[in-house]
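*Asks:* predicted coordinates and the sequence they were generated for:
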Amino acid sequence: MRLKKPKFWDLKKPNFISYLLAPLTLPIIISNFIRNFIPKQKSKDLKTICVGNIYLGGTGKTPTTIKLFEILKKLNSNISTGKKFYKSHIDEITILDEKTELITSLSRREIVKRAIINKKDLLIFDDGLQDNVIDYDIKFVCFDSHNWIGNGNLIPSGPLREKLSSLKKYDGVFIKNNNNINIENLVQDIQKINPKIQIFPTYYEPLNLKEFDLNQDYVIFSGIGNHGDFKRILLNNNFRIIKEIIFPDHFEYDIQTIDNIKKIAKENGAKIITTKKDFVKIKKINAENINFLEIDLKVKNLENLIKFLELNI
């Protein structure tokens with residue numbers, strides 16, 4: 001059973017529960033400290049990029065990986081993407097396989113070996129910044145501007161895998177900013193830690209809005225790391241949401257759950273919409289009368305990103 005992310009994680013400051021859980025962050029602190037002294041290896045036979053996060057879930061790693069693949073493919077790179085296989089992550093693996101040239105395995109080291117056998121020059125990993133074995137040529141960290149670093153505490157007291165100070169060892173940051181809020185304070189916080197780090201704001205652009213009747217009521221549901229982001233995109237595009245159903249990230253749907261969602265929609269005379277990440281799982285069960293929002297990640301300063309990649313790959 002997968003648990004929902006606690007709401008107190010995303011408060012602006014730690015609350016009483018966060019302080020109670022603070023002693024339980026010790027294993028993460030020790031693990032992160034030890035990781036700094038574990039020798040990692042870069043491949044001599046191909047370049048590697050990692051798109052990861054230090055905030056747990058919902059930062060847009062997979063769409064960012066796909067966007068980097070598209071950019072570098074246009075630059076004539078002989079490229080693959082890589083993602084370590086977890087059964088619970090089959091949604092992301094399915095989307096990457098559809099949109100890119102994916103290599104997946106139970107081991108990231110094995111993914112590198114297979115990319116070399118396939119004579120690839122470049123490999124982009126979706127997730128893996130905290131890997132204890134592989135070092136990457138470029139390391140990107142993804143954030144969402146709305147949640148940022150939550151209450152700033154480590155798991156389980158907060159949502160962070162590493163403290164924000166860890167940005168001093170990374171090369172670039174993608175900040176997903178779907179509300180188009182002023183992120184100058186976030187940029188300044190990042191640059192204080194690492195003045196040389198490259199920062200690229202991004203946002204999601206819906207691709208299939210014409211498929212939806214905006215005069216219709218909608219029941220929405222998702223089992224992703226950041227349901228609020230999905231809802232905000234719909235509201236920004238004038239969807240009339242009458243009911244939302246939130247499941248834990250990487251939720252495993254069954255026919256009873258889907259039937260219940262359809263029952264709620266029918267009782268309210270509403271249509272149903274979810275994310276593509278959820279849809280790729282439920283279509284194997286019963287996706288009739290359920291639609292999904294197709295999105296594309298846009299980079300605001302795309303030319304700067306292309307120049308950065310050309311200089312470092």
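*Replies:* Everything's here; your move.
*Asks:* and the helix or strand where Ile90 lies, what does it pack onto?
*Replies:* If you go by DSSP states H and E, Ile90 is part of helix 90-99. Secondary structure elements in contact with helix 90-99, counted by 3 or more CB pairs under 8 Å, 6 or more residues apart in numbering; DSSP states H and E, are helix 61-74, strand 79-84, strand 102-105, helix 276-282. Where you see a C-beta, it was placed from the backbone N, CA and C, and this is true even at glycine.
*Asks:* of those, flag the one that's most buried.
*Replies:* Mean neighbour counts were taken over the helices and strands packed on helix 90-99 using mean count of other CB atoms under 10 Å, and the top value, a mean of 24, falls to strand 79-84.
*Asks:* partner strands of that one, parallel or antiparallel?
*Replies:* Strand partners for strand 79-84, identified by DSSP bridges, are recorded as strand 102-105 (parallel), strand 122-126 (parallel).
*Asks:* would you turn those strands into JSON lines with distance to Gly225?
*Replies:* As requested, the strands paired with strand 79-84 are arranged in JSON lines below (distance: least, CB to CB, whole Å):
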{"stretch": "strand 102-105", "distance to Gly225": "19"}
{"stretch": "strand 122-126", "distance to Gly225": "13"}
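*Asks:* mean pLDDT and distance to Leu75 added to these, as JSON lines?
*Replies:* Below are those laid out as JSON lines (pLDDT from 0 to 100; distance: least, CB to CB, whole Å):
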{"stretch": "strand 102-105", "mean pLDDT": "98", "distance to Leu75": "19"}
{"stretch": "strand 122-126", "mean pLDDT": "98", "distance to Leu75": "10"}
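*Asks:* beta partners for Pro201?
*Replies:* Using DSSP bridges, the bridge partners assigned to Pro201 are Ile175.
*Asks:* one more: Ser80?
*Replies:* Where Ser80 sits in a bridge, its partners, by DSSP bridges, are Leu123.
*Asks:* model confidence for it, exactly?
*Replies:* pLDDT recorded at Ser80 is 97.
*Asks:* go on, Met1?
*Replies:* In the prediction, the pLDDT value recorded for Met1 is 51.
*Asks:* my guess is Asp91 contacts Lys284. True?
*Replies:* No - taking contact to mean CB atoms under 8 Å, the distance of 10.8 Å between Asp91 and Lys284 leaves them out of contact.
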